[in-house]
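Student: need a 3D model of the following:
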Amino acid sequence: MRHSTQILLGLSLGLVCGLLVAADSELSALNLEAYISPIGLLWVNAIRMTVIPLLMALLITAIAGNETGSDVLKLGARTLGFIVAMIALSSSFAFLFAAPLVMRLSIDPSASDALLELTGSNLGEETALPPFSDWLISLVPSNPIAAAAAGDILPLMVFTGLFAVALLQIETEKRHAVTELFGAIKNTMYVLIRWVMNLAPFGIFALVFPIVATLGAQVITALASFLFITCGLIVLLAVSLYGLVWWLGVNPVHFARALAPLQIIGFSTRSSLAALPATVNATSTLGVPEKTSGLVLPIAVSLFKFASPLARTAGTYFIAVLYGIDLDPPQLIVIALSIGLLSFYSPGIPSGGLLIMTPVYVSLGLPVAGIGILIAIDLVVDMFITAANVTANATLALFAANHDSVENSATQPADGLLRRS
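Tutor: Alright, predicted model coming up:
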């Protein structure tokens, strides 16, 4: 049985078994999820322990492995430009499609009260975002080792990028010694990742089963319309990426097959970082050169949150409907653009992707406490967001590799890329 099929089977069994337990009071009383949940967390921790050394090794070998920094600068600039364009696409998609669909919903106010009680928090009074100036200052870490220990990925990537560029300025022999060291670390991480990924079917089952067994269909049923619209739009946005890779000349069927395990892992773990090893593997299968993915993927997992503007904008529209607040077209546009810009500023705190919307709510007079409702159902939405985000990360690497192939040869495709037949 193929590994991707095993992963899909683990996901399916987790969903089915979780629903069976949720529907049976006797099985629920056994509290099986308490015994199975640690297995899933152990598997996620096993993935996460490889992420920081892998990210650093990828970035250093991609940058310092080049004889000059000009190619690196061009690739980095193209990557950032593509990210900005795709975030704009996500925000525009939210305004064009989420606004007319969500704003037509008719919501029972009792649903709002029930979900606020479920969250048990007054978000606007108890939680505050760190000032933007603090976030900006933190991008340059005073202690890179502490940043690595705390899992502060973006500051760590800033240091690693500067370190790699500085390596280009020292003697070639000494630079090669450093790049060979990190190349060995990278290859070792690949072996360790392969061991961990062999356990993916069991880890994904242990992640999905407790979630479904605990929640059942209660939350999904309570707000089915909103979840259906939001998750459906996220899927459509992700499907648009398949059109993009087809336009790039890559076979969409091959693309889908390569990304299926990655998407399932992203869906189950709800973490683009946890899915990074699978992303590296998928891009390698698609023929993306290591020097390209080594630079693009660290930038992507640090900055690129492709589906977040769509999901968070749709959520904001939903809160307006839930509280009976009418939004005119200019306000709808402002919400979409603001959340798109704020997607780059996502603090490392629980529900950080939701909490960045607080300034938007305050400026437009929306009830900040309504974010608590979105937190209550974020578990479901975030699964779809992450699956779309990891798909976009792989697409970003493919785009960068395709652009390099066009620059290198106007007539021949890049070696290894899976082209349309």
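Student: quick one: low-confidence parts of the stretch 101-250 of the chain?
Tutor: 107-132, 135, 215-223 (pLDDT under 70).
Student: now do the lengthiest helix in the chain: which elements does it pack against?
Tutor: Using DSSP state H, we find that the single longest helix of the chain is helix 32-64. Other helices and strands packing on helix 32-64, by 3 or more C-beta pairs under 8 Å, 6 or more residues apart in numbering; DSSP states H and E, are helix 3-23, helix 153-167, helix 172-197, helix 200-215, helix 276-285, helix 290-303. C-beta coordinates here come from the backbone N, C-alpha and C atoms, glycine included.
Student: now distance to G81 too, for the ones you listed, in TSV please.
Tutor: TSV is the format used below for these (distance: least, C-beta to C-beta, whole Å):
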stretch	distance to G81
helix 3-23	32
helix 153-167	17
helix 172-197	27
helix 200-215	34
helix 276-285	19
helix 290-303	11
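Student: save those as TSV, and put in mean neighbour count too.
Tutor: Compiled in TSV, the helices and strands packed on helix 32-64 are given as follows (neighbours: other C-beta atoms under 10 Å):
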stretch	mean neighbour count
helix 3-23	17
helix 153-167	20
helix 172-197	15
helix 200-215	22
helix 276-285	23
helix 290-303	24
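Student: which among the ones you listed is found nearest to L237?
Tutor: Closest to L237 of the helices and strands packed on helix 32-64 is helix 290-303 (C-beta to C-beta; 16.2 Å).
Student: now the closest one: average pLDDT?
Tutor: For helix 290-303, the mean pLDDT works out to 85.
Student: name the residues of the helix or strand following that helix that are buried.
Tutor: Stepping forward along the backbone from helix 290-303, the first helix or strand reached (DSSP states H and E) is helix 308-322. For helix 308-322, the neighbour count (16 or more other C-beta atoms under 10 Å) marks 308-322 as buried.
Student: in PDB, list the C-alpha atoms belonging to helix 308-322.
Tutor: What follows is helix 308-322, C-alpha atoms only, in PDB (Å, rounded to 0.1, in the frame of the first residue of the first chain):
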ATOM      1  CA  SER A 308      -5.800  33.200   6.200                       C
ATOM      2  CA  PRO A 309      -7.000  36.600   4.700                       C
ATOM      3  CA  LEU A 310     -10.000  34.800   3.100                       C
ATOM      4  CA  ALA A 311     -10.900  32.800   6.200                       C
ATOM      5  CA  ARG A 312     -10.500  35.700   8.700                       C
ATOM      6  CA  THR A 313     -12.300  38.200   6.400                       C
ATOM      7  CA  ALA A 314     -15.200  35.800   6.100                       C
ATOM      8  CA  GLY A 315     -15.200  35.400   9.800                       C
ATOM      9  CA  THR A 316     -15.400  39.100  10.300                       C
ATOM     10  CA  TYR A 317     -18.300  39.400   7.900                       C
ATOM     11  CA  PHE A 318     -20.000  36.600   9.900                       C
ATOM     12  CA  ILE A 319     -19.500  38.400  13.200                       C
ATOM     13  CA  ALA A 320     -21.200  41.500  11.700                       C
ATOM     14  CA  VAL A 321     -24.200  39.400  10.600                       C
ATOM     15  CA  LEU A 322     -24.300  37.600  13.900                       C
END
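Student: now it, how far from the centre of its chain.
Tutor: 18 Å (C-alpha atoms, centre = their mean, to the nearest Å).
Student: for the spatially closest residue to L207 that is not a sequence neighbour, what are its contacts?
Tutor: Distances taken as C-beta to C-beta, 6 or more residues apart in numbering place G40 nearest to L207, at 3.6 Å, with adjacent residues excluded. G40 makes contact with 203-210, according to C-beta atoms under 8 Å, 6 or more residues apart in numbering.
Student: make it 7 Å
Tutor: 203, 206-207 (C-beta atoms under 7 Å, 6 or more residues apart in numbering).
Student: just the closest of these to I193, please.
Tutor: G203 (12.9 Å).
Student: the closest residue to that closest one other than its chain neighbours: neighbour count?
Tutor: Nearest residue to G203 in three dimensions, chain neighbours excluded: W43, at 2.9 Å (C-beta to C-beta, 6+ apart). The number of residues packed near W43 is 23, by other C-beta atoms under 10 Å.
Student: V84 too?
Tutor: Using other C-beta under 10 Å: V84 sits among 15 other residues.
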